[in-house]
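Participant: Model the structure of this input:
(2 chains)
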Amino acid sequence: AQSVSQHNHHVILSEAASLELGCNYSYGGTVNLFWYVQYPGQHLQLLLKYFSGDPLVKGIKGFEAEFIKSKFSFNLRKPSVQWSDTAEYFCAAGSSNTGKLIFGQGTTLQVKP
Amino acid sequence: DTGVSQDPRHKITKRGQNVTFRCDPISEHNRLYWYRQTLGQGPEFLTYFQNEAQLEKSRLLSDRFSAERPKGSFSTLEIQRTEQGDSAMYLCASSFSQSSYNEQFFGPGTRLTVL
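Facilitator: Okay, the predicted model is just below:
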């Protein structure tokens, strides 16, 4: 069965702390991987994506993620978080054919100023 | 605003009533997706269209749910005989199938509350 699992449901950090959010997926066939972010009161926005090639992908606002095929993981990282990074983060796996996305449960990140 | 739009943004209804939501995708996008999101969970896929054809439906989509995209542009999602368990955020997303990565752009959602 296709699934995406996010390890942390709620993370609280102080500004300037480093962030790593875990994501593991189970997916047959060719998979595309995404991180979406939802800021308070806003709709889902794409943070970054992986399709092929360099397993370390960089996204907007200083975020990056590493695809580790052997571990079926796609963890999100940021060296130094800001208060404005407070949001909900969703990892998703998508079919390269249909584009249909399977989302994880989401991680709420709270950054304290 | 050239993003994905959804109408209404909020809907409160009584159990047993029918409701219909509308989604207007980004104009050049030929794919349109519906997802449902409940509190504390990620969005769950419901169905998707390529142009006017509905190509896949989730098992979550009971026979009380129907979606259409008659002219390959906007789409409607109807829920008949609503139940309290239908209370959720209904999200629409669109994409262009010919792009290299089929990125989906999401609308703001319609929040349904069934009393």
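Participant: A:Y89 reaches A:L76, doesn't it?
Facilitator: Yes - the criterion here is Cβ atoms under 8 Å, and A:Y89 meets it with A:L76 at 6.5 Å. The C-beta positions use only the backbone N, C-alpha and C, and glycine is treated the same way.
Participant: Can you pull the residues that touch both of these two?
Facilitator: Counting by Cβ atoms under 8 Å, 6 or more residues apart in numbering or on different chains, the residues touching both A:Y89 and A:L76 are A:21, A:35, A:47.
Participant: As a markdown table, these with neighbour count and distance to chain B would be great.
Facilitator: Compiled in a markdown table, the shared contacts of A:Y89 and A:L76 are given as follows (neighbours: other Cβ atoms under 10 Å in any protein chain shown; distance: Cβ to the nearest Cβ, whole Å):
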| residue | neighbour count | distance to chain B |
| --- | --- | --- |
| A:L21 | 23 | 13 |
| A:W35 | 24 | 12 |
| A:L47 | 22 | 11 |
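Participant: Contact distance from chain A - what residues of chain B qualify?
Facilitator: With Cβ under 8 Å from any Cβ of the partner chain as the criterion, chain B meets chain A at residues B:31, B:33, B:35, B:40-45, B:48, B:55-56, B:91, B:93, B:95, B:97, B:100-109.
Participant: Run through the residues that contact the residue of chain A at minimum distance from chain B.
Facilitator: With Cβ to the nearest Cβ, the shortest gap between chain A and chain B falls at A:F103, namely 3.1 Å. The neighbours of A:F103, taking Cβ under 8 Å, 6+ apart as the test, are A:4, A:36, A:90-92, B:35, B:42-44.
Participant: hmm, back to that, type out the ChimeraX command that picks the buried ones from the residues of chain B next to chain A.
Facilitator: Selection of buried members from the residues of chain B next to chain A for ChimeraX, criterion 16 or more other Cβ atoms under 10 Å in any protein chain shown:
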select /B:31,33,35,42,43,44,45,48,91,93,95,101,102,103,104,105,106,107,108,109
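Participant: The residues of chain B next to chain A in strands, which ones?
Facilitator: Among these, the members falling in strands (DSSP state E) are B:31, B:33, B:35, B:44-45, B:48, B:55-56, B:91, B:93, B:95, B:105-106.
Participant: Pick the one among those residues closest to A:S70.
Facilitator: Among those, B:F45 lies closest to A:S70 (Cβ to Cβ), at 27.1 Å.
Participant: The closest one reaches A:T98, doesn't it?
Facilitator: No - look at B:F45 against A:T98 with Cβ under 8 Å: they stay out of range, at 9.5 Å.
Participant: Brilliant, that's me finished.
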